[in-house]
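>>> What follows is a predicted protein model with its sequence.
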Amino acid sequence: MLLELLQMMDGISPRLLSEGKRSFVQCLDGTARSFGQVVFCNNPFSGIFIFIAMLMGNATAGCCALLCTLLVNVIATSSGMDKGLIRHGLLGYNAVLVGSGVATFLQFEHPVLPFLVSAVAAPMILFGHLCIARVLSQFGSAALTLPFNFLMMSILLSAESWRLTSRSISSLGTSNDDTFLLHEAAFKGISEIFIIDNVYSGIVMFVGMAVSSRILAAGALCGSLLGSLGSWLLLGTATDVINNGLKGYNCALTVPALCFFLVPSWKVTPFLCLYGAVITLGIESMLSTILSTWTIPYMTLPFCLATLPFLLLDTDALFFGNKEGFLRVIDLSDLTTPYEHYTRFRLQKEEKNHI
């Protein structure tokens, strides 16, 4: 939005913006969109809402996320990488989570150190994202947050040997209060996507998502509710863990992801989302057992492992080239918002029936 406005101004006065200033504005626009792209919102205002919400919950995490993301976009711009990928925030969204993760999962003896580690991690997450995205794009899938998971787990496993640094210790699961707070669990499930433990941050993030897409915002909230309720009713998880959104945030990513990457259908999508949430909870339980050996969190890996099978399906082969199959993955180049996807495919179907 800001970039388009300045381009219009540049059309009125060609000397107003130099190429360097264009690149700078492009970095800022891409950085704002990167915050939104974590939850599939390609909108700079959604990103600004999310950044403000992160500052509300944990100012250090928000600033580290901003630094890491901005550095990734600066490196990408100066290296001559695809301007479209930079502008739409597709190279920086994993950096948002890395910066927040560094500030949250690690304890530092000096306040400058989390920013230093975030800065060092910026080129690493960019390189990791490019490698994973290249492999998965061959199968028509996005990289999701796999680069963040791999890098953050590597950082946590190696942090014990660093000087002036240690891992943060959680006290969750030790409370005697068994009260299940559904509203708190639901909105904290959204904020925990960004590793922020604050119910008001979750509300602001929900509003930010709604600026871009009400379907995605509703999907995130429903996913968080499904994950929290499922953990409470079926898994017997400690209520303070659920109330802090730690059993809702992966489902809060899986549900909107299925609404975003698959052609939406009012008959099929709700069941796919419910099934996706169940798969996510199962993978969470499995990874919790496996990763407890190294005492590291599973982060958003359950979301990735639950969503990738849907995205990697060869629907053309599955339905013998029938474009009317109940499960269709949208090409990465055609992704916009769920409502636009629904409208576009409905019009195509009507035109085909008319012919």
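Perfect, I can see it now.

>>> Which residue ranges of the stretch 1-150 of the chain form strands?
Taking DSSP state E, counting those that start in this stretch as the test, the strands found in the stretch 1-150 of the chain are 106-108.

>>> pLDDT weak spots in it?
For the stretch 1-150 of the chain, the stretches with pLDDT under 70 are 1-20.

>>> can you map out the helices along it?
Assigned by DSSP state H, counting those that start in this stretch, the stretch 1-150 of the chain shows helices spanning 2-12, 19-37, 44-57, 59-78, 83-87, 93-105, 113-137, 146-158.

>>> Dump the ones you listed to CSV, plus distance to Ala220.
In this view, the C-beta of every residue, glycine as well, is placed from N, C-alpha and C. What follows is those, written out as CSV (distance: least, C-beta to C-beta, whole Å):
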stretch, distance to Ala220
helix 2-12, 25
helix 19-37, 12
helix 44-57, 11
helix 59-78, 18
helix 83-87, 24
helix 93-105, 15
helix 113-137, 22
helix 146-158, 18
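
>>> which one of those helices lies closest to Ile215?
helix 44-57 (13.2 Å; C-beta to C-beta).

>>> and the closest one with helix 19-37, angle?
Angle of helix 44-57 versus helix 19-37, following axes from the mean of the first three to the mean of the last three C-alpha atoms, to 10 degrees, is 70 degrees.

>>> Quickly note the distance from Lys117 to Ile296.
Rather than Lys, residue 117 is Val. Between Val117 and Ile296 the distance is 16 Å, computed by C-beta to C-beta, to the nearest Å.

>>> if you count what's nearby, which of these two comes out ahead?
Between Val117 and Ile296, counted using other C-beta atoms under 10 Å, Val117 has the larger neighbour count: 21 against 18.

>>> low-confidence ranges in the stretch 151-300 of the chain?
168-177.

>>> can we see that at 80?
For the stretch 151-300 of the chain, the stretches with pLDDT under 80 are 160, 163-178, 264.

>>> what about the helices in it?
Ranges of helices in the stretch 151-300 of the chain, per DSSP H, counting those that start in this stretch, are 182-191, 199-212, 214-230, 239-243, 251-261, 269-291.

>>> out of those, which comes closest to Pro123?
helix 251-261 (25.4 Å).
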